[in-house]
Structures are given as structure tokens and as C-alpha cells.
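Asks: Provided below for reference: sequence and predicted model.
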Amino acid sequence: MKYWVIILSFLLSSISMAAERFNHITCEYQQIDSAWEFSAVNYNRDGLALENGQSAAIVGGWTSSRETNVGFCLAYTGTDRESAIQNTFVVFEGSEIFGVNIQDCSPVGRDIKITHTSSSLSMRGDVVEYSVDGWFDQGESKLLLKHYVPLVSENEKVTEIAAAKCAELRP
């Protein structure tokens, strides 16, 4: 399952356009014995430069071995405001999940049902929190995502600062 998230992040790190570049750090946590434990981090090394209205998925994941699988995807959409990006978060389920469209986060698979969608405008330095119920098979099933939009000064350093940022954001 983690391989799909890594592959999606890797594929999207090569997209480039002609606008301000936005990177991301997305931290994943699981609740174990009433404490939130760090699970994984996803980030974009090169950043995405999206024109106003142009979208790209930045991180996504899905389960693949259940009767009803669950998945999520987070996409950025460029805005006409400098240093602002639109976030769209989609949670879905299906009998089989094959992936997501890397432009708009629409899930691909069998018996797909969108269970949650949210959208918000984020400025650099903002942290947005998302969750996915039913993600983990053992312990508390909720996946907690803390999504950070790096400052311009951090754009070139997301690889170096990702682990420390996730430790700082841990609930």
C-alpha cells in the first residue's frame, strides 16, 4: 500500500509548469493506545507550478486486499492569488481500487463510491488536517493526515525538513 503512495509522489515530482512552485509535506499518523504515532511522510522534491485552475494530485493511497477497500487523494489547484493553493481532499471506497487520476484525484476501480470531499484555500505555512476512517486493519482504524504547505524558503529543503516537520506536527 505504501508503494502506491510513493509511486504517485515520485511521478508527480517531475511535473513542471510556469507558475509559482508549491511543494508539500504530508505526515501520516495512527492512534495506538490513545497516542498518535508517526506512520509515514510524503513530500514533493521539485514542487508543482500550477496555473490558475490547473490541478494535479500530490499524494494518494488506497488499500487493496479487502472486501471493501478505502482510498484517499489530495490535489492542488492553482489560484490567481500569489502564495495560495487550493487543496481538494477526496476519500473513496470500492471493491477494487486501481489508482487515481493524477490530474484531478478521481479514483479508478470497480464499485467506486466517493465518501467524502473537502476543499480549502491554503497559504504557505498553513497546516491542514484530514482523516480517513477504516484505513488500518489493527488498532484504531483512522488515518490522520497533517498536510503542510512549505514556505518559499523551505521549498528547496523539503527532503531535509520533512521528518522534523512531522515530529513537530504530531498530535
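Replies: Great, that's in hand.

Asks: Return the alpha-carbon coordinates of the helix or strand harbouring F89 using CSV.
Replies: In the assignment (DSSP states H and E), F89 maps to strand 84-94. Taking Å, rounded to 0.1, in the frame of the first residue of the first chain, the C-alpha atoms of strand 84-94 are listed here in CSV:
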residue,chain,number,x,y,z
ALA,A,84,-2.1,30.5,-2.2
ILE,A,85,-3.1,27.0,-3.4
GLN,A,86,-6.5,25.2,-3.4
ASN,A,87,-6.5,21.8,-1.7
THR,A,88,-9.1,19.2,-2.6
PHE,A,89,-9.2,16.1,-0.5
VAL,A,90,-11.2,13.0,-1.7
VAL,A,91,-12.0,9.8,0.3
PHE,A,92,-13.4,6.9,-1.6
GLU,A,93,-14.1,3.2,-1.3
GLY,A,94,-14.6,0.3,-3.8
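
Asks: Packing partners of it?
Replies: Counting contacts by 3 or more CB pairs under 8 Å, 6 or more residues apart in numbering; DSSP states H and E, strand 84-94 packs against strand 69-78, strand 107-110, strand 113-123, strand 127-132. No exception for glycine: its C-beta is placed from N, CA and C like everyone else's.

Asks: go again using 10 Å as the cut-off
Replies: When contacts are defined as 3 or more CB pairs under 10 Å, 6 or more residues apart in numbering; DSSP states H and E, strand 84-94 packs onto strand 55-62, strand 69-78, strand 107-110, strand 113-123, strand 127-132, strand 143-148.

Asks: Relative to G139, how far out is the residue of the chain most remote from its centre?
Replies: Here the centre of the chain is the reference, and by CA atoms, centre = their mean the most remote residue is D33, at 25.1 Å. Remark: distance between D33 and G139 (CB to CB, to the nearest Å) = 8 Å.

Asks: And G47, by the same measure?
Replies: From G47 to G139 the distance is 34 Å (CB to CB).
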